[in-house]
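Trainee: here is my input; please provide its structure:
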Amino acid sequence: MVLDNGPAAITAGMVTVACLAIAAASWRATVRTGNPNITYVTAAFLLLGVKNLVKALDLLNGTESGLAELGFSLTDLVAVGLIAWPLLAPRKVRA
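Mentor: Numbers count the residues shown, from 1 in each chain. Below you'll find the model as predicted:
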């Protein structure tokens, strides 16, 4: 049974656009507020955008593999860590 990867590739492409838009918006928020912790969110969504672009291309080319899926999952894990870091990191106490 051969599956059509077109819909999955289109969905991954849509996620790419959404992630890159969020990365751009969070970068603007970093510049506007001066809060360096937002940079982690920017990096996470940029990473997710690139990952989903690669995933969409893999699906279109029919070259997806178990090793690629492992890489995609590890990328997701890194992105979650980037988003969580500012929330979980020890805070500096202001005097």
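Trainee: which stretches of this structure form helices?
Mentor: For the chain, helices defined by DSSP state H occupy the ranges 6-33, 38-61, 66-88.
Trainee: winner for burial among those?
Mentor: The highest average neighbour count among the helices of the chain, using mean count of other C-beta atoms under 10 Å, belongs to helix 38-61 at a mean of 19. (Glycine included, C-beta is placed from N, CA and C.)
Trainee: dump the helices of the chain to TSV, plus mean pLDDT and distance to R94.
Mentor: Shown next, in TSV, are those (pLDDT from 0 to 100; distance: least, C-beta to C-beta, whole Å):
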stretch	mean pLDDT	distance to R94
helix 6-33	95	17
helix 38-61	95	19
helix 66-88	94	16
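Trainee: which residue is nearest the middle of this protein?
Mentor: L48 (1.5 Å; C-alpha atoms, centre = their mean).
Trainee: and the gap between that one and A21?
Mentor: 11 Å (C-beta to C-beta, to the nearest Å).
Trainee: and for N35?
Mentor: 20 Å.
Trainee: go on, P7?
Mentor: Per C-beta to C-beta, P7 is found 21 Å from A21.
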